[in-house]
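[1] my questions are about this predicted structure, shown below with the sequence.
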Amino acid sequence: MSENFRCSLKDSDEYRDFRSKYSKQKIVLDNDSRRVWTFFDTGPKTVLSPIIFLPCVSGTADIFYLQLIELNKKGYRAISLQYPTYWSHKEFIVGFLNFIDYYKFENIHLFGASLGGFLSQMFASEINKYVVSLILCNSFSDTSIFYRTETAPIFWLLPTSILRRQIMGKKVLDNREDKAIQDSNNFMESCLASLTQKELASRLTLNCTNSYIKSEPQLQSLPVTIIDVFDKNALSDEAREELYKMYPNGRRAHLKDGGSFPFISRFEEVNLHILLHLRQFDDTAVSAKRKTN
């Protein structure tokens, strides 16, 4: 893939308008100055129970721009994060907790796509006092579904080109007749091209290191929405069913199609499910929305 890869969505008026209105912020919270959190923070800053978006392996902070635009219009505080290079789930949990504590958030709602969903569950199971609810999009509860647990320790050795192929796989070939899905694939490819070798290797390590989410009471009690796409994507039916078993009371939001990145290709449907999920907390102490008089 060329570093000069062109993406029509990044040339769109909507994306350009988003980038002109919202600045990309960066902060170092670890002792290692190379570990930089990159994020967009939209909506009322007085809200201390925001919804935080965590990306998939190939994602950057701007992949959820269509969600942030809509939620900002509705008065919600929404933050999209691009986390630093971490090599273990424990490191991520400690780093994410530092982020939450630094901004003095009282509670958080988490939207996680694929790996972001796995990390959201991992954080909620370990640090449950902050997490109010979960939205899991094309996500999973067990990394063994990728059949790469044995090779996870050597990702740091692989060159950038091989890591990119490992991540995108066959996604670019899916649903070639659907322009919206192809646009979403192209957008994600352009994001992938911006990630360094270390970022790519660490994402794949987190994605494939042998681990699973334990079914614990604090997770079972959370309001959960599971957004699934029933066409070609990275998840198997078995992985999807395992997630359903993890959250038997979770709300299932099924999309007929949308590929691997429905938050872009089918953003209107995904946004609707996010709003339905968040509205149950409106006018409560843990609302992600600006309070109205």
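    On my side now, so go ahead. Numbers count the residues shown, from 1 in each chain.
[2] helices of the stretch 151-293 of the chain, start to end?
    160-168, 179-193, 197-208, 217-220, 237-246, 262-265, 267-279 (DSSP state H, counting those that start in this stretch).
[3] okay, and the closest residue in space to Glu216 that isn't next to it in sequence sits in which element?
    Once flanking residues are discounted, Glu216 sits nearest to Ser125: 5.6 Å by C-beta to C-beta, 6 or more residues apart in numbering. Quick note: C-beta positions are derived from backbone N, CA and C, even for glycine. Applying DSSP states H and E as the criterion places Ser125 in helix 115-126.
[4] hmm, who's touching that helix?
    Residues outside helix 115-126 that contact it (C-beta atoms under 8 Å, 6 or more residues apart in numbering): 53-57, 59, 89, 92-93, 96-97, 110-112, 131, 134, 136-141, 143, 203, 206-207, 211, 213-214, 216, 218-219, 222, 246.
[5] those residues in strands, which ones?
    The strands, defined by DSSP state E, take in Phe53, Leu54, Leu110, Phe111, Gly112, Val131, Leu134, Leu136, Cys137 from the contacts of helix 115-126.
[6] mind putting these in TSV, distance to Ser260, pLDDT and neighbour count included?
    Output for these, formatted as TSV (distance: C-beta to C-beta, whole Å; pLDDT from 0 to 100; neighbours: other C-beta atoms under 10 Å):
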residue	distance to Ser260	pLDDT	neighbour count
Phe53	16	98	30
Leu54	16	98	26
Leu110	20	98	25
Phe111	16	98	30
Gly112	14	98	25
Val131	25	97	22
Leu134	20	98	24
Leu136	14	98	27
Cys137	10	96	26
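[7] could I get those in CSV, plus columns for distance to Arg34?
    Listed next are the ones in strands among the contacts of helix 115-126 as CSV, based on distance: C-beta to C-beta, whole Å:
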residue, distance to Arg34
Phe53, 23
Leu54, 20
Leu110, 25
Phe111, 27
Gly112, 24
Val131, 28
Leu134, 30
Leu136, 30
Cys137, 29
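[8] which of those sit farthest apart?
    The distance between the two most remote of these (C-beta to C-beta) is 16.2 Å, for Val131 and Cys137.
[9] what about the closest residue to Gln218 other than its chain neighbours, how many neighbours?
    Once flanking residues are discounted, Gln218 sits nearest to Asn128: 4.0 Å by C-beta to C-beta, 6+ apart. Neighbour count of Asn128, defined by other C-beta atoms under 10 Å: 14.
[10] all set, thanks.
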